[in-house]
Each structure stands twice: as C-alpha cells, then as structure tokens.
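Novice: Okay, structure incoming, though there's no sequence with it:
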Ligand code: C2O
Ligand code: CU
Ligand code: CU
C-alpha cells in the first residue's frame, strides 16, 4: 500500500519448502516463501517501509546492501528481530561478543528505507551476528531495485529485456537439504562443500535467481542483465560463449551505486561476493537459434557454467546505449582529510582461527574509525589473501590498486563492495555525507564476516 511519499511492504520470514532442484523439496529460510526472496521495486525519493514479521525459529536481521540507510534500519548485526515464537540466547559461535544489548524488537518491526539515492541494483540479506553465512545460504536474500527519472529517460532495454541475474552457489545433501556443515576450526576440509569452508562456503550447484543453470529464451535484441553476486564466498569471472561475431560481449553501464558516466566495453567481468554489475548484451548480434552460455572462467566442472540464453528471431529494438549515461562526480583525493589503513588477517589462537581487522576481531563496542560527516577520507586495505571489502552507508570510489591509479573497468563507478586481491593494496575514496551513527564495514565473504572479520565506523 502507499500514501503520500511512502510505500508499505509486508514481509514475513518463515521456514518453508521450495523446489530448487527438479523434483526435490528443500527446506529453506524464506522471505515471503520464495528462494531467493521477493524483488522490491522502488522509486528514488519515495520512502519504503518494510513491515517485517519473523516466524523463523531464529533471530533475523535484515540489511539493505547498498542502501543509504539510517542507523536504526541498517541491520546492525545485533539489532535482532526475535522470532514470534520466542527465543533464548544460544551460545554464539566465534567469540565475537554478542550480547542481548541492542535487541530492539520481538516478532515484528519495520525497516525504513528513504531511497534518497540514484537508481541502482541493490540487494537485501540477513546480517545476524555470527550466523549471516548460514542464514543467507538457507535463502534470506533478495533484490531491491531503485528506479529514477534520470535512468528511465535513457533508451536502455526495459521491461522484459531488463533481467536480474542473481548468482548464488549452493551445496545440497543427498536428501535435498541445503548442506551447511559447521565450520571446522581446525581447518579440515568439510564434506559436501567444495574447497575448504574456512575460505568461505562454496557449493557445486550454481543457481541463478534460485534456479539451477537456467535457460532463458531471448529475442534477437539488446538486453540489460543485472548481474548480482549473491554467493557467500565464490568469485566469478563471467564470459559469453560464444562471443558475438561483432562487438564486445558486454557493455558495462552500471555497478553497485548505479549508472557509470560512460559505458565500458568488456569481454569478461570479475565479480566478488556482494558486487553488482549492470551490462547490456546484444543478442541481435547472434544468429537465431544460437545457444549462448554465461560461463565462469574461474570455475571448473559444474561451476564453469552459470546459465544459458537461447536466442530467438531478430526483434524490433529501439534501444541504444548513449555514450554519456550519467554524471559521476569524481571524489578528489586532495580533499581527503586523512588516510586510514586496514589490514585483514587470520590468526591462530588457542587452536582455532580468528579473523581480524587491524588486529581485532569484531566487537560491538570497539570503533575502528571515527569520521566526521561530510569529510572525505582515503581508506586503504591490504591482506595476503582475497577479501571482498564492503562498507555500509557510504558509497566509495576506487582510487588506487597496488599503488596505481589505473584501476579496473569494474572499478570506475560508485561502489559499495570491491575486490581486494592478495598483496595488492586497495585504496578507496569515501565521503561520509549521509547519516550519522555507528555502521559496519567487513569482508563480504560471509564466513569470514561470521568469524569476526568486521569492524565499526562511527559518523558524527
Ligand atoms: Cu551485504 Cu554488511 O552486507
Ligand atoms: Cu551492506
Ligand atoms: Cu575475507
């Protein structure tokens, strides 16, 4: 329902069964009964109030990833929405200091999203302290699309030709249940999950919009694909196979924070968990009948393919990709008031591993960075291993990689999540010009996050 400048949505989180694998029922944690959850479509400048009821057996925390959300609705990890059936605090997993302090609601609450931001492909997901990985794995995630007049006025593909491609890998047990074994702190390989769960949970089944390796019939025309890496820990390099006879496979038009200033031609795109890329693909450049596979060159076997497009007849297409898409203000490094450095590392303590930022695992009361509203800062991140870096609240721009201001084409727009490669310093420019309050930044490998690779920043 709607009134004035506010739209109201009702969401109920509950356990249900879904047919994810053909003919198999899988128990999921759902928002409104689906896997992934429902897609929200909202307009810039209209407030969305999401009235949420938690009928799950566990606490829930919803976070709008990429949202410029006031503190009270941002989904702080201990801002638990308790189950309607009641709940007693259980021991927490990783010593990250969960207390019942900050519990604000039981059963139902509203999250308020002002949507005072550009058109962009956002997503929402659970953010419960210590349990984000397993709860997202079980289904607590979905898309949230912000639209605005600026984007609507462009001749980009719309309607049926604007297609979300939310990529999530999962592992299943033989009885059809989702496999999420607890993470072995001694770092032994976890059965049922590809690779080592300490490096993040990865599965051998690729789901796109909740469907394993789907096929989509497309017309011979331009399509906008909203690529979302909603995986807990898997990185992808996506490609098209075959590539079109003429032109680059992908025209990148937007990323986490909305439209780029200018389109970027790309033959592949690298995506870490949490990142979004909006690309235009011209299926009119393929002969009718061609099967075009969206591949993942970082995968092998079952994870090397994501989905397939079956190209139909050439169709009327009045879309185009303007050479100027939008105006993107470049943050000026000369205006940065300070540089902060963050090192992400894993340490072995008392026979198990702890994940830390600047030597400390997450705790709710430690502040890693105190910033002033309106100020620009340079934040540098380093590690010897891969970690996707995500900041709540304030979008950033990639300033340098490995000391060089020549960044990747994936880096050119407004971002909220960026890849950090081993031993390559990632420098970000951030201006904290939205809300005040305490927010988190963290590794978006959800298992690393649950193992306390998260930190608070405070804007005042
Ligand atoms: Cu996508 Cu703190 O989250
Ligand atoms: Cu976020
Ligand atoms: Cu990490």
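Specialist: Right, received. Where do you want to start? Treat the numbers as computed from the prediction; the structure is a model and nothing was measured. Ligands and ions are numbered 1, 2, ... in the order given.

Novice: make it CA atoms for all contacts and neighbour counts henceforth
Specialist: Noted.

Novice: count of neighbours near the residue of the chain found nearest ligand 3?
Specialist: Distance from ligand 3 to each residue of the chain (CA to the ion) is smallest for residue 387, at 3.8 Å. Burial of residue 387 is recorded as 27 neighbouring residues (other CA atoms under 10 Å).

Novice: Tell me if I'm right that it and residue 419 touch.
Specialist: Yes - shown here, residue 387 and residue 419 form a contact pair, counting by CA atoms under 8 Å, at 6.6 Å.

Novice: Return every residue with contacts to both of these two.
Specialist: Both residue 387 and residue 419 lack any common contact, where contact means CA atoms under 8 Å, 6 or more residues apart in numbering.

Novice: which residues touch the residue of the stretch 51-200 of the chain found nearest ligand 2?
Specialist: Nearest to ligand 2 in the stretch 51-200 of the chain, going by CA to the ion, is residue 65, at a distance of 3.6 Å. Residues in contact with residue 65 (CA under 8 Å, 6+ apart) are 122-125, 274, 392.

Novice: Out of the residues you listed, list just those in strands.
Specialist: Mapping these onto strands (DSSP state E) picks out 122-125.

Novice: returning to that earlier point: so the residue of the chain closest to ligand 3 sits in a helix?
Specialist: No - counting by DSSP: H, G, I helix; E, B strand; the rest coil, residue 387 is not found in a helix; it is coil.

Novice: In the stretch 101-250 of the chain, mark out all the helices, start to finish.
Specialist: Using DSSP state H, counting those that start in this stretch, the helices of the stretch 101-250 of the chain run over 132-137, 149-152.

Novice: Reformat those helices as JSON lines; add mean neighbour count and distance to ligand 2.
Specialist: Shown next, in JSON lines, are the helices of the stretch 101-250 of the chain (neighbours: other CA atoms under 10 Å; distance: least, CA to the ion, whole Å):
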{"stretch": "helix 132-137", "mean neighbour count": "24", "distance to ligand 2": "12"}
{"stretch": "helix 149-152", "mean neighbour count": "13", "distance to ligand 2": "23"}
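
Novice: could I get the ones you listed as CSV with distance to residue 107?
Specialist: Formatted as CSV, those follow (distance: least, CA to CA, whole Å):
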stretch, distance to residue 107
helix 132-137, 17
helix 149-152, 37
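
Novice: List just the one of those that sits closest to residue 348.
Specialist: Closest of the helices of the stretch 101-250 of the chain to residue 348 is helix 132-137, at 21.0 Å (criterion: CA to CA).

Novice: Let me know whether the closest one sits next to ligand 3.
Specialist: No - using CA under 5 Å from the ion, helix 132-137 stays clear of ligand 3, coming no nearer than 12.3 Å.

Novice: Report all helices and strands that that helix contacts.
Specialist: strand 120-126, helix 446-450 (3 or more CA pairs under 8 Å, 6 or more residues apart in numbering; DSSP states H and E).

Novice: rewinding a little: for residue 224, state which of the ones in strands among the contacts of residue 65 is nearest.
Specialist: residue 122 (15.4 Å).

Novice: May I have the beta-bridge partners of that closest one?
Specialist: Beta-bridge partners for residue 122, by DSSP bridges, are residue 144.

Novice: Check residue 440 too.
Specialist: Bridge pairing for residue 440 - DSSP bridges - gives residue 456.

Novice: pLDDT weak spots in the stretch 1-150 of the chain?
Specialist: Residue ranges of the stretch 1-150 of the chain with pLDDT under 70: 88-105.

Novice: For whichever residue of the stretch 301-450 of the chain sits closest to ligand 2, grab the count of nearby residues.
Specialist: Nearest to ligand 2 in the stretch 301-450 of the chain, going by CA to the ion, is residue 392, at a distance of 4.5 Å. Residue 392 is flanked by 25 other residues according to other CA under 10 Å.

Novice: That one touches residue 63, doesn't it?
Specialist: No - the pair residue 392 and residue 63 does not pass the contact test of CA under 8 Å, sitting 9.2 Å apart.

Novice: residues contacting the residue sitting nearest the centre point of the chain?
Specialist: Nearest residue to the geometric centre of the chain (CA atoms, centre = their mean): residue 274, 2.5 Å. Residue 274 makes contact with 65, 228-231, 388, 390, 417, 444 under the criterion CA under 8 Å, 6+ apart.

Novice: at 7 Å instead, please
Specialist: By CA atoms under 7 Å, 6 or more residues apart in numbering, the residues touching residue 274 are 229-230, 417, 444.

Novice: Residue 121 now?
Specialist: Residue 121 makes contact with 144-146, 256, 258, 276, according to CA under 7 Å, 6+ apart.

Novice: Turn these into CSV, including neighbour count and distance to ligand 3.
Specialist: Shown next, in CSV, are the contacts of residue 121 (neighbours: other CA atoms under 10 Å; distance: CA to the ion, whole Å):
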residue, neighbour count, distance to ligand 3
144, 21, 24
145, 17, 27
146, 22, 28
256, 29, 19
258, 25, 25
276, 30, 18
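
Novice: of those residues, closest to residue 322?
Specialist: Top of the list for closeness to residue 322, among the contacts of residue 121 and by CA to CA, is residue 258 at 15.1 Å.

Novice: before we move on, the earlier item: isn't the residue of the stretch 301-450 of the chain closest to ligand 2 right next to residue 441, touching?
Specialist: Yes - using CA atoms under 7 Å, residue 392 is in contact with residue 441, at 5.9 Å.

Novice: Write out the residues of the stretch 51-200 of the chain neighbouring ligand 2.
Specialist: Listed as neighbours of ligand 2 in the stretch 51-200 of the chain under the rule CA under 5 Å from the ion: residue 65.

Novice: switch to 8 Å and redo it
Specialist: Neighbours of ligand 2 within the stretch 51-200 of the chain, by CA under 8 Å from the ion: 63-67.

Novice: Same question for the stretch 351-460 of the chain.
Specialist: 390-393, 416, 441.

Novice: make it 6 Å
Specialist: residue 392 (CA under 6 Å from the ion).

Novice: Around ligand 3, which positions in the stretch 351-460 of the chain sit nearby?
Specialist: Counting by CA under 6 Å from the ion, the stretch 351-460 of the chain sits next to ligand 3 at 387, 443, 445, 448.

Novice: Ignoring the adjacent residues along the chain, who's closest to residue 221?
Specialist: Leaving aside its sequence neighbours, residue 221 sits nearest to residue 284 (CA to CA, 6 or more residues apart in numbering; 4.4 Å).

Novice: got a list of what residue 453 touches?
Specialist: 355-357, 361-362, 442-443.

Novice: and the two most separated of the contacts of residue 274?
Specialist: 230 and 417 (12.0 Å).

Novice: How is the protein partitioned into domains?
Specialist: Structural domains assigned to the chain are 2-150, 159-314, 333-459, following automatic domain parsing.

Novice: could those domains be laid out in a markdown table, adding distance to residue 322?
Specialist: Compiled in a markdown table, the domains of the chain are given as follows (distance: least, CA to CA, whole Å):
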| stretch | distance to residue 322 |
| --- | --- |
| domain 2-150 | 13 |
| domain 159-314 | 8 |
| domain 333-459 | 16 |
